[in-house]
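S.K.: My questions are about this predicted structure, shown below with the sequence.
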Amino acid sequence: MWSLLVWNVAALIAVIYCLIKAVFDLRARRFVWGIIGLLSAGIILLTPMKTHAIKVDLPIAQS
């Protein structure tokens with residue numbers, strides 16, 4: 001469980017870094033690097049994360 005938390009925090013830190021770097025690059029008019037930074041942050045955010053799924057079996061309704 002702790003490793004899942006560590007990896008999620010690490011991914012969040014990477015996304016924040018990519019976004020900050022992209023903003024600095026766009027303000028410095030380095031548009032290609034800024035777009036690459038935004039795309040990197042978007043790809044990291046859209047990557048599915050492993051979660052703990054619980055399966056619940058519901059009873060069948062009797063009519």
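M.R.: Right, received. Where do you want to start?

S.K.: chain center to the longest helix belonging to the chain: distance?
M.R.: In the chain, assigned by DSSP state H, the helix with the most residues is helix 2-27. In terms of Cα atoms, centre = their mean, to the nearest Å, the centre of helix 2-27 is found 8 Å from the chain centre.

S.K.: and that helix, what other elements does it pack with?
M.R.: helix 31-46 (3 or more Cβ pairs under 8 Å, 6 or more residues apart in numbering; DSSP states H and E). To be clear about C-beta, it is placed using only N, CA and C from the backbone, and glycine gets the same treatment.

S.K.: Please save the CA atoms from the helix it packs on in PDB.
M.R.: Extracted as PDB, the C-alpha positions of helix 31-46 are listed here (Å, rounded to 0.1, in the frame of the first residue of the first chain):
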ATOM      1  CA  PHE A  31       7.100  27.200 -27.800                       C
ATOM      2  CA  VAL A  32       8.200  23.700 -28.800                       C
ATOM      3  CA  TRP A  33       9.600  22.900 -25.400                       C
ATOM      4  CA  GLY A  34       6.600  24.400 -23.700                       C
ATOM      5  CA  ILE A  35       4.200  22.300 -25.700                       C
ATOM      6  CA  ILE A  36       6.300  19.200 -25.000                       C
ATOM      7  CA  GLY A  37       6.100  20.000 -21.300                       C
ATOM      8  CA  LEU A  38       2.400  20.400 -21.500                       C
ATOM      9  CA  LEU A  39       2.000  17.100 -23.400                       C
ATOM     10  CA  SER A  40       4.200  15.300 -20.900                       C
ATOM     11  CA  ALA A  41       2.100  16.400 -18.000                       C
ATOM     12  CA  GLY A  42      -1.100  15.400 -19.800                       C
ATOM     13  CA  ILE A  43       0.300  12.000 -20.700                       C
ATOM     14  CA  ILE A  44       1.300  11.400 -17.100                       C
ATOM     15  CA  LEU A  45      -2.100  12.500 -15.800                       C
ATOM     16  CA  LEU A  46      -4.000  10.400 -18.300                       C
END
